[in-house]
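[1] Test case, fold it:
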Amino acid sequence: MKKYNVIVIFNQDKTKTLMCKRTKEPYQGMYNLVGGKIEKDGDGLHEAYRELEEETAITKNDVILFHFMNIDYIAFSKSLEVYYGVLNKDVNLIEEVNALEWVDIHDNFFDMNKYAGEGNIGHIMEELKIMCSF
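    Modelled structure (predicted):
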């Protein structure tokens, strides 16, 4: 099974979440969560921190990540590991490829004309809001 991760990063006061704007397909021009492929036999948490730092320059010193959920696509032999964290200080974001933007956590993340993932980002965000009492 191929493994991928997505990382939900909240600002310090938990009013915004970090999104990237995709520059290529799939979902070109749409907002997506930061993340990527998990290297074969890679530790999920280590891989989440690696992707986060590569795509944003956010490090372990800036945020503690928690493994929140997995979404398995059995028919596609694909698994998505979802991590989240709240920044513990202001950070200077450095974009790798995709533009990075802070988005209000009350935006409609189910808007499939704006957000990638056929509603998955909406589902993830609503579950995190419930768990974290946002």
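
[2] make it CA atoms for all contacts and neighbour counts henceforth
    OK.

[3] Leu119 is in contact with Phe110, isn't it?
    No Leu there; residue 119 is Gly. Yes: with contacts counted by Cα atoms under 8 Å, Gly119 reaches Phe110, the gap being 4.9 Å.

[4] Can you pick out the residue with more neighbours from those two?
    Phe110 (19 against 14; other Cα atoms under 10 Å).

[5] residues touching the more buried one, list them.
    118-123 (Cα atoms under 8 Å, 6 or more residues apart in numbering).

[6] Asp43 now?
    Going by Cα under 8 Å, 6+ apart, the list of residues near Asp43 is empty.

[7] Kindly report the same for Leu100.
    18-21, 56, 93.

[8] List buried members of these by neighbour count.
    Buried subset of the contacts of Leu100 (neighbour count, 16 or more other Cα atoms under 10 Å): 18-21, 56.

[9] Show residues contacting the helix or strand encompassing Asn5.
    Per DSSP states H and E, Asn5 falls inside strand 2-10. Under the contact criterion Cα under 8 Å, 6+ apart, strand 2-10 has outside partners 16-18, 33-39, 44, 47-48, 52, 77-87.

[10] Next step: those residues restricted to strands.
    16-18, 34-37, 78-86 (DSSP state E).
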